[in-house]
Each structure stands twice: as structure tokens, then as C-alpha cells.
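Asks: sharing a sequence plus its predicted fold:
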Amino acid sequence: MPTPRLSAISIVFALASGFAFASLASCTPQEPGDGGGDSPADDVDAAPVGGGPDAGPAPVCEETATQLPNPKHNAGLACLSCHSGTGVAPKWTVAGTLFSNAQGSAPIAGATILITDANNVTTKLVTASNGNFYTSKAMAFPVRVGASKCPDTKMMPGMIMTGDCNSCHQAATTGRIHLP
């Protein structure tokens, strides 16, 4: 008999112990906004949800995505330093790179990045072949973020005030965003 799957929305509110992301409370807040981003993964699953940050059952994993966004370039670099809306690069509100370990050795493609904003709107982003994820969708900060690809799902503890994920997640300091 197949095991029932929990919704991605319930995953976002569950906290997993030992989460790979470090707390980003010290990072500089970014202004949310809508821009000209071109991620085909934008709005894959955007829905208002209820409950609080500690609501919901333990996380379950997201299956590997088969349709990947354009991998673009510069995996691991601080995306919003260029994608801020002040130059020719499209403005993104949340962007980063998912790796297989804290040192950033290998990117993870086809994983799902789960973002729930301060208005309880959940967005799923799919990682490209180089591990990059990005969106121009307006977000109300702070946000709760997690990463999932079966058999692993990890949620970042607490809420964060920036969408420039790689600016805080450096291999030499806090470690790269990674699964497992």
C-alpha cells in the first residue's frame, strides 16, 4: 500500500533538526520587489497557507524535478550583487546555489527550494543543473526556507531577512547551502 504524501506547504512549516543552513540573522536585509527574472520555476506552487512556523508534521521529501530551469552562470556567487535591478541583469528577490556538501563540491540539480514568506505564501523553486535557483517573484520578508530532494529534506532554522542566499552561505564561513 503506498504511503500518503504530505503537501509541500506542510513541509515548509516543519523544522528539521540538524538543518544544513546556518541562521542568517546577521545578513543585510534586501528589499522585496518584482522584477524581470525569467525562472520557469517561479510560481510553481504559490498558495496562501495557514498555521504558524512550528505547525505541521515532520518534513517529507520532494521528488526530483524533471524540468530544470536555465542554469545561467556563476554558481555559488552572491546572485543579488548583479541581479539587484540596477544593471542589465534581471532583478531577483531570492537566489542561491544548492550543493551536495558544505564545501560546495558538487551542485544538486532537480531539487526543490521551498520558500514561505511573511504572508504565508509558499513558492517552490527548482534547482538547475548547476544547482542555481532564482525568482523575481515579490516576497514579504522575513521568509522561511528549506531544500528537498528525496530522500532528504532540510529546513533552515528561523526566518531570514535576505534573499541573497550565497552572500551568507560561503564554504569558508557558514558553509554552502547543501543536502544532505
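Replies: Everything's here; your move.

Asks: how close does T97 get to M156?
Replies: Separation of T97 from M156 (Cβ to Cβ, to the nearest Å): 15 Å. Heads up, the C-betas are built off the backbone N, CA and C, glycines and all.

Asks: who has more neighbours out of those two?
Replies: T97 (25 against 22; other Cβ atoms under 10 Å).

Asks: that one and Y134 touch, don't they?
Replies: No - using Cβ atoms under 8 Å, T97 makes no contact with Y134, being 9.6 Å away.

Asks: for N119, which non-adjacent residue is closest in space?
Replies: Distances taken as Cβ to Cβ, 6 or more residues apart in numbering put A140 closest to N119, at 4.6 Å, once the chain neighbours are dropped.

Asks: which residues of the chain score low on pLDDT?
Replies: Along the chain, the parts satisfying pLDDT under 70 run over 1-59.

Asks: all helices of it, in order?
Replies: Remark: helices assigned in the chain by DSSP state H are 8-13, 165-168.

Asks: run a quick neighbour tally on the residue nearest to N119.
Replies: 11.

Asks: likewise the one 4 residues further on?
Replies: A total of 21 residues lie near R144 under the criterion other Cβ under 10 Å.

Asks: now the closest residue in space to it that isn't next to it in sequence: how far from P71?
Replies: Nearest non-adjacent residue to R144, counting by Cβ to Cβ, 6+ apart: T116, 4.7 Å away. Distance, T116 to P71, by Cβ to Cβ: 25 Å.

Asks: identify the bridge partners of V121.
Replies: P48 (DSSP bridges).

Asks: surely it touches A140?
Replies: Yes - using Cβ under 8 Å, V121 is in contact with A140, at 7.5 Å.

Asks: what about the strands in this structure?
Replies: Taking DSSP state E as the criterion, the chain contains strands spanning 47-48, 94-97, 112-116, 121-126, 132-135, 144-149, 152-155.

Asks: which strands and helices lie in contact with the last one?
Replies: Just to be clear, that refers to strand 152-155. Where contact means 3 or more Cβ pairs under 8 Å, 6 or more residues apart in numbering; DSSP states H and E, strand 152-155 is packed against helix 8-13, strand 144-149.

Asks: apart from its chain neighbours, what residue comes closest to T122?
Replies: T116 (4.7 Å).

Asks: ok, the one you found - how many residues close by?
Replies: 25.
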